[in-house]
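Visitor: got a sequence here, can you build the structure:
(4 chains)
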Protein chains: 2
Amino acid sequence: MTDDLVLRRQVCFALYAASRALTDVYRPVLDGFGLTYPQYLVLLVLWERDARDSGRDAQAREADGLTVSELGAALRLDSGTLSPLLKRLEAAGLVVRRRSVRDERRVEVGLTAEGRALRDRMDDVPTGVARATGLTADELFALRDTLNRVTETIHRQKEQ
Amino acid sequence: MTDDLVLRRQVCFALYAASRALTDVYRPVLDGFGLTYPQYLVLLVLWERDARDSGRDAQAREADGLTVSELGAALRLDSGTLSPLLKRLEAAGLVVRRRSVRDERRVEVGLTAEGRALRDRMDDVPTGVARATGLTADELFALRDTLNRVTETIHRQKEQ
DNA sequence: GACATAAAGGTTGTGCACAATTTAATTGGA
DNA sequence: TCCAATTAAATTGTGCACAACCTTTATGTC
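Guide: Alright, predicted model coming up:
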């Protein structure tokens, strides 16, 4: 490989390269489930909310999912990215989209039974990917915290 | 913002989010130069090579640039990404592309005078972006090294 | 109630990423 | 020498990201 010194000095390139490399590790795994990485992230958010609502019956859980805006806030993606992505998840039978009755501007996204069932089948996906990084658990935690701090800092600055 | 615990626990999401956040910082700056972030990365590689060849006259430097494959190895991008990107850089007058005389399969990419001059004008871009992360210099170095290590580990595994 | 303003989501257009295929040029034997 | 295998780049198709714009619905003010 070309050992480009300028590139290796840049944190931003390191982030860009590492992000793509880790997605490369996810790709074949997610491909087995017919998912892309951003689609998997959307499901993670929906699963999280679903677990919080687990005391309620299935009907009610499907009835009020997250809105597109709420998903966008969690993933920092706008409707231009999410709208077509959610359509594909719906076509795959994993989520349902439906206009809110209370506010018809909103679209609520909920899990189908199939989408909910997928969670268990994908339970060990993150562990396998974490192993591929070659980092120890402590290094992974430290890395994650530093990265989250960078992201928070940048977004806080942008809001001012 | 929705504080999604599952997402925040995932290193991969942290990488994905931080990478996009930092690109967001670059975007308005690069926009002032009419560049996208991947285009800027290509120029970084070309500038690096150009500096190594600085003893030679301009004609010779333009004559043997990097091939598309060499650029791809440095950035880990394939011709499917680079071909159209390089065409846009050529249309912008920053690089020239020309079939190698010795091996007509290869396409050599070199800087134009304008592309070379851009380097000086963009000298302080990385410093400004680094400041936006809110990390100290030491933290930035450590982060970069960890990320490069992750990337290397993943790519080494894939080659086996 | 009428109307300006804002909010939510969709659409369009551009530019990556990446897989898969294609075309052309080179290389390495038999 | 001929020709199969390889290599380099381009092309095609799909799916993000993101900016800019549009449509519909809700809200606030008079």
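
Visitor: could you see whether DNA strand D lies near the one helix or strand A:Phe13 maps to?
Guide: Take DSSP states H and E as the rule and A:Phe13 turns out to sit in helix A:11-31. No - under the criterion of Cβ under 7 Å from any atom of the strand, DNA strand D is not reached by helix A:11-31; the shortest gap measures 7.7 Å. From N, CA and C alone the C-beta is placed, and that goes for glycine too.

Visitor: so which elements touch that helix?
Guide: Based on contacts counted as 3 or more Cβ pairs under 8 Å, 6 or more residues apart in numbering or on different chains; DSSP states H and E, the elements that helix A:11-31 packs against are helix A:37-52, helix A:125-132, helix B:11-31, helix B:37-52, helix B:125-132, helix B:137-158.

Visitor: neighbouring contacts of the first one?
Guide: The contact list for helix A:37-52, computed with Cβ atoms under 8 Å, 6 or more residues apart in numbering or on different chains, reads A:23, A:26-27, A:30, A:33, A:35, A:61, A:65-66, A:71, A:74-75, A:77, A:81-82, A:85-86, A:88-89, A:94-95, A:109-111, A:115-116, A:118-119, A:122, A:125, B:2, B:4-7, B:10, B:12-13, B:16.

Visitor: I'd like to know which helix or strand in chain A has the lowest mean pLDDT.
Guide: Across the helices and strands of chain A, mean pLDDT, DSSP states H and E gives its lowest value to helix A:58-63, namely a mean of 51.

Visitor: tell me which residue is most central in chain A.
Guide: Taking Cα atoms, centre = their mean as the criterion, A:Leu41 is the residue nearest the geometric centre of chain A, at 1.6 Å.

Visitor: and the pLDDT at A:Glu139?
Guide: A:Glu139 is assigned 88 on the pLDDT scale.

Visitor: is the residue in chain A positioned nearest to DNA strand D within a helix or a strand, and which one?
Guide: Closest to DNA strand D within chain A is A:Gly80: 2.8 Å, counting by Cβ to the nearest atom of the strand. For A:Gly80, the enclosing helix or strand under DSSP H and E is helix A:79-91.

Visitor: any residue of that helix up close to chain B?
Guide: No - for a cut-off given as Cβ under 8 Å from any Cβ of the partner chain, helix A:79-91 has no contacts with chain B; the smallest distance is 10.7 Å.

Visitor: ok, then the element right after that helix?
Guide: Next element after helix A:79-91 (DSSP H and E): strand A:95-99.

Visitor: in that next one, what counts as buried?
Guide: Across strand A:95-99, burial judged by 16 or more other Cβ atoms under 10 Å in any protein chain shown covers A:95-96.

Visitor: check the offset of that strand from the chain's centre.
Guide: When distances are taken as Cα atoms, centre = their mean, to the nearest Å, strand A:95-99 is centred 18 Å away from the chain's centroid.

Visitor: where does chain A have low pLDDT?
Guide: Where chain A drops to pLDDT under 70, the residues are A:1-8, A:54-64, A:160.

Visitor: give the contact list for A:Ser79.
Guide: With contacts defined as Cβ under 8 Å, 6+ apart, A:Ser79 is in contact with A:68-69, A:72.

Visitor: next: A:Leu140.
Guide: A:Leu140 makes contacts with A:130, A:133, B:11, as judged by Cβ under 8 Å, 6+ apart.

Visitor: how much space separates it from A:Arg149?
Guide: 15 Å (Cβ to Cβ, to the nearest Å).

Visitor: A:Gly65 too?
Guide: The separation that A:Gly65 has from A:Arg149, given Cβ to Cβ, amounts to 30 Å.

Visitor: still on that earlier bit, make a ChimeraX selection of the buried ones in the contacts of A:Ser79.
Guide: Of the contacts of A:Ser79, the buried ones go into a single ChimeraX selection, burial set by 16+ other Cβ under 10 Å:
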select /A:68,72
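
Visitor: need the contacts of A:Ser79 in JSON lines (columns: distance to DNA strand D).
Guide: Shown next, in JSON lines, are those (distance: Cβ to the nearest atom of the strand, whole Å):
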{"residue": "A:Val68", "distance to DNA strand D": "12"}
{"residue": "A:Ser69", "distance to DNA strand D": "13"}
{"residue": "A:Gly72", "distance to DNA strand D": "9"}
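
Visitor: so which of the contacts of A:Ser79 would you say is closest to B:Arg105?
Guide: Distance to B:Arg105, by Cβ to Cβ, is smallest for A:Gly72 among the contacts of A:Ser79, at 45.0 Å.

Visitor: what's the neighbour count on the residue of chain A closest to DNA strand D?
Guide: Here the number of neighbours of A:Gly80 (other Cβ atoms under 10 Å in any protein chain shown) works out to 9.
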